[in-house]
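Student: Based on what follows, work out the 3D shape:
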Amino acid sequence: MLVYLIRRLLLMIPTFFGITLLTFLVINMAPGSPIEQKLQAIRFGAAGGGGEGGGRTHETGVNQEVIDALKKQYGFDKPVHVRYMIWLKNIAKLDFGESFTYQEPVTDVIMSKFPVSLQFGITSLLLTYLVCIPLGVKMAMRAGTSYDRALGMFLNFTYALPPLVLGIFLITIFAGKLDWFPIGSLKSDNYDELTFMGQVWDRIHHFILPLICYMIGGFTQISYLMRNSMLEVIKSDYVRTARAKGVSEQKVLYKHALRNALIALVPGIASFFGVFLAGSLIIERMFNLDGMGLLGYQSLLVRDYNVIMGITFISALVLLFGRVFTDIVYVLIDPRIDFK
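Tutor: Numbering: from 1, shown residues only. Predicted structure coming up:
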C-alpha cells in the first residue's frame, strides 16, 4: 500500500501541472482580458470630455504609453509561457498575486469566501451519509414492499426537482409566506449579542433552507446506491452461510453485510471534496451567500486571472488528494483490497 501511495503522489505532479497549464492557457486566450476592460472603462470615462487628444490610438482612444503601462502592471508584457513560469515560481512561495477586482491578495479574497462553502460542504457531506446509509439499508431490507416503493417515488421526485425550482419554492413558502426561516446571510444582525446557544440556533436557523438545496442532489443517489449495494451483498454466499450458522439477523446485516456494502459508496467521497471549494452558484445567488461558487463566477466574468488560478490551484490539490484519500478508505473498509 505504501508503494502505491508513493506512486499516486508522484503521479499527482504531472496531473497538477496539466490542470493548471490548461486552465492558464484557456483563460488567457479568452477575449476580454483585464487590460481590455480597463481600457474600456478609461474610454467611457473620457467619453464626456470632448474630442480625442493627440497621440491616441484609433481603436481604443487611449495613448499607447497608457496601454504599455497597463500591460506591464498586469504582467501582460511577457509571452504566455513566461507568465505561466512566473506564476509557478510564485506558487512555490504560496504567492497567488493580487486580485484585479478586489485589489487585495488572492489568498485573503479566497479565505474570506471559503468558510461559507466549507460549512455547507462538511455539513451536507456528514448529513447525507448519516441519513442515506441507514435509509438505503432499510429500503434494501424491505425491498419490493409498499414502503420501498413509496420512498422510491419520493426520492425520484426530489432527484428530478431542479435546485433552482426547489429554492424558489422554499423561499416563497417558508421564508416568505410563513416567515419561518430568514434568508440573505448566515447570521442575524444581532448575532454578536446572542448567547452561545442562541448563536448556535441562529446559525442552524439560517442554514436549513440553503442546506436542503445543497443536499437534495446527492441524497437520492447515495440512498439508491446504498440500497442496491446492500441488496447485492445480502444475496452473497457468505451471508447465507452466516444465517445458516444461526448468527443473529442484526449481526449478519450490520457486521458482515453492511461493511462490504459500504465499498460502493467510497468513490462518492472524493466528489464531495469539490463541494468544499466549488460551492453552488445558483444556491448562493438565491440565498445571497457570499461563497466560492459566486466568487468563481464573478472572477470569470471580469477575467480576474489571479483569483481564477488561485481557485484552480486549491481545487486541483483538494480533488487529487481526495482520490488518494478514497483509496485509503477502501483499505480501511476492506483490508483484503491490495493496491499494486
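Student: hey, let's count contacts and neighbours off CA atoms from now on
Tutor: OK.
Student: tell me what the lengthiest helix in the chain is packed against?
Tutor: The helix that spans the most residues within the chain, counting by DSSP state H, is helix 196-234. Other helices and strands packing on helix 196-234, by 3 or more C-alpha pairs under 8 Å, 6 or more residues apart in numbering; DSSP states H and E, are helix 106-141, helix 146-160, helix 163-170, helix 258-261, helix 281-286.
Student: Look up how far Phe169 lies from Arg203.
Tutor: Look at Arg203 and Phe169: by C-alpha to C-alpha, to the nearest Å, they are 21 Å apart.
Student: Mind checking which of these two has more residues around it?
Tutor: Neighbour tally, Arg203 and Phe169, criterion other C-alpha atoms under 10 Å: the higher count belongs to Arg203, 16 against 13.
Student: Secondary structure class of the closest residue to that one other than its chain neighbours, three-state.
Tutor: Sequence neighbours aside, Lys187 is the residue nearest to Arg203 in space, at 5.7 Å (criterion: C-alpha to C-alpha, 6 or more residues apart in numbering). Put simply, Lys187 is coil when judged by DSSP: H, G, I helix; E, B strand; the rest coil.
Student: and Lys187, what does it touch?
Tutor: Applying C-alpha atoms under 8 Å, 6 or more residues apart in numbering to Lys187 gives the contacts Asp202, Arg203, His206.
Student: cool, Gly310 as well?
Tutor: Here Gly310 is in contact with Phe96, Val106, Thr107, Ile110 (C-alpha under 8 Å, 6+ apart).
Student: I'd like the residues you listed as TSV, with pLDDT, distance to Trp87 and neighbour count appended.
Tutor: Output for the contacts of Gly310, formatted as TSV (pLDDT from 0 to 100; distance: C-alpha to C-alpha, whole Å; neighbours: other C-alpha atoms under 10 Å):
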residue	pLDDT	distance to Trp87	neighbour count
Phe96	89	8	22
Val106	92	13	24
Thr107	91	14	18
Ile110	89	17	20
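Student: Output those in a markdown table; the columns should cover distance to Ser146.
Tutor: Shown next, in a markdown table, are those (distance: C-alpha to C-alpha, whole Å):
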| residue | distance to Ser146 |
| --- | --- |
| Phe96 | 56 |
| Val106 | 54 |
| Thr107 | 53 |
| Ile110 | 48 |
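Student: returning to what we had before: roughly how far does the residue nearest to Arg203 sit from Lys113?
Tutor: Distance, Lys187 to Lys113, using C-alpha to C-alpha: 15 Å.
Student: ok so, going back, possible to save the helices and strands packed on helix 196-234 as a markdown table with distance to Ile216?
Tutor: Below are those laid out as a markdown table (distance: least, C-alpha to C-alpha, whole Å):
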| stretch | distance to Ile216 |
| --- | --- |
| helix 106-141 | 9 |
| helix 146-160 | 7 |
| helix 163-170 | 8 |
| helix 258-261 | 22 |
| helix 281-286 | 12 |
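Student: No further queries at this time; thank you.
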